[in-house]
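J.: Structure here, sequence nowhere to be found:
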């Protein structure tokens, strides 16, 4: 697969996989495959998954993921997940041990990136959460590529 101008390969892989599976209308399936694509194609990760917003109960609930078991429910504003969701800004944490209020799921995690998932009309869906055992694992390029990945995923989870 060659990279289309301006589209990261990881996003192209996601779109090709989902379209090839004809799974466009199956959000949970697409979340699961998206997590697997990232886990298999990015280096030095120990957790990749989604937290989905339950607006009735005002909580983020654990969605499809790969890695060790994780906290099932996170309140908005709590931990990196909640803060990224509430602020609607990607948060990159170089050292999770220095992040006030970090929620520990895997003691091997040392850095984290959390990308909000929001529709074009502003509906907050949840977040993509990725952990690494390596300090300072996530670069600006990783952030840009993962934000594009979330934009690529969005039509396949809101159909």
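T.: Received the coordinates, thanks. The structure presented is a predicted model; accordingly, all values stated were derived computationally and were not measured.
J.: Leaving out chain neighbours, which residue sits closest to the residue sitting nearest the centre point of the chain?
T.: Nearest to the mean C-alpha position of the chain, counting by CA atoms, centre = their mean, stands residue 128 at 1.5 Å. Leaving aside its sequence neighbours, residue 128 sits nearest to residue 115 (CB to CB, 6 or more residues apart in numbering; 4.6 Å). Where C-beta positions appear, they are placed from N, C-alpha and C, glycine not excepted.
J.: how near is the one you found to residue 27?
T.: The gap separating residue 115 from residue 27 is 17 Å, by CB to CB, to the nearest Å.
J.: Next: residue 98.
T.: Look at residue 98 and residue 27: by CB to CB, they are 35 Å apart.
J.: which of the two has more neighbours?
T.: Using other CB atoms under 10 Å as the criterion, residue 98 and residue 27 rank with residue 27 on top: 18 against 9.
J.: Any figure for the gap between that one and residue 117?
T.: Going from residue 27 to residue 117 by CB to CB gives 11 Å.
J.: Residue 153 contacts residue 33, correct?
T.: No. If you go by CB atoms under 8 Å, residue 153 and residue 33 don't touch, sitting 9.5 Å apart.
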